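Student: what shape does this take:
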Amino acid sequence: ARLSYVPFDGIAEARVPLYMAARQVLASVQLSDAPRACGKEDQQLLTQLLQSPRYADILLDGYENIFDPVRQEQFAALTLHLPDGSAAVAFRGTDGTLVGWKEDFNMSFQEAVPAQRLAVEYVEMLHEHYHLPMSVCGHSKGGNLAMYAAAMSSPEVRQRIQGVYNNDGPGFQEHMLTTPGYLEMVPRIHTFVPQSSIIGMLMEHAEPYRVIKSTQVGIMQHDVFTWEVEGK
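Tutor: Here you go, the predicted structure:
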């Protein structure tokens, strides 16, 4: 899920091994505090991944990055082709820009924001091109997009979705929880939140969740780099 935040523009639109994509990003991106740049922790993540026997050869594909201030739209997604023959779709969360935050606020009263519609289109496109079993995941708004894409996709696509992984993403307006697609997907939704979750508790949820220990406090626990995911 965190990989979707990496700026793979011009690198991962077509199939490329993760280690090659990581090297290109690390070679071209300067350390920056700009909200849409590749930050220090993501660069450390890429350095670890390109050296990892488990992850280095995974193929990245289908990177999309859409940013439209007029439509208040911020969306990015990435497909990973896994060794078992399935695909994993990762949706980016809020990127820290004003446009990204506006779209988040719009979720509280609009029936569907542009990023949610694009997420549905993305999984439909993946199904049309590859007909693969898939999982969908995301962090923050990306987790919401993963759940929305799974719930609102066609019945054919929903049959292909093996699991939905929502990492501290907000829920939905109440009417969404009674839609047939959402009810069908609930058993396959895996939601993870830190102990003092704020973002992940916004709006309504019907799926169960698992609590992950974070090394931070308060709102800073939203950062997945603070989550303890080893051992117990």
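
Student: now do residue 3 against residue 146, distance only.
Tutor: Distance check for residue 3 against residue 146: by Cβ to Cβ, to the nearest Å, it reads 14 Å. Every C-beta, even on glycine, is put in place using the N, C-alpha and C of the backbone.

Student: and those two? Which one has more around it.
Tutor: Between residue 3 and residue 146, counting by other Cβ atoms under 10 Å, residue 146 is the more crowded of the two (31 against 24).

Student: hmm, that one is touching residue 139, no?
Tutor: No: Residue 146 is not in contact with residue 139 according to Cβ atoms under 8 Å; the separation is 9.3 Å.

Student: please enumerate the shared neighbours of these two.
Tutor: residue 169 (Cβ atoms under 8 Å, 6 or more residues apart in numbering).

Student: mind checking pLDDT for residue 37?
Tutor: In this prediction, residue 37 carries a pLDDT score of 70.

Student: touching, it and residue 7? I think so.
Tutor: Yes: the pair residue 37 / residue 7 is scored as a contact, 6.9 Å apart, by Cβ under 8 Å.

Student: show me how far stretch 211-230 is from its chain's centre.
Tutor: Mean-position distance between stretch 211-230 and its chain equals 17 Å (Cα atoms, centre = their mean, to the nearest Å).

Student: what's whichever helix or strand residue 159 is part of packed up against?
Tutor: In the assignment (DSSP states H and E), residue 159 maps to helix 155-160. When contacts are defined as 3 or more Cβ pairs under 8 Å, 6 or more residues apart in numbering; DSSP states H and E, helix 155-160 packs onto helix 114-130, helix 180-185.

Student: contacts for that helix next, please.
Tutor: 123, 124, 127, 131, 132, 133, 134, 150, 151, 181, 184, 185.
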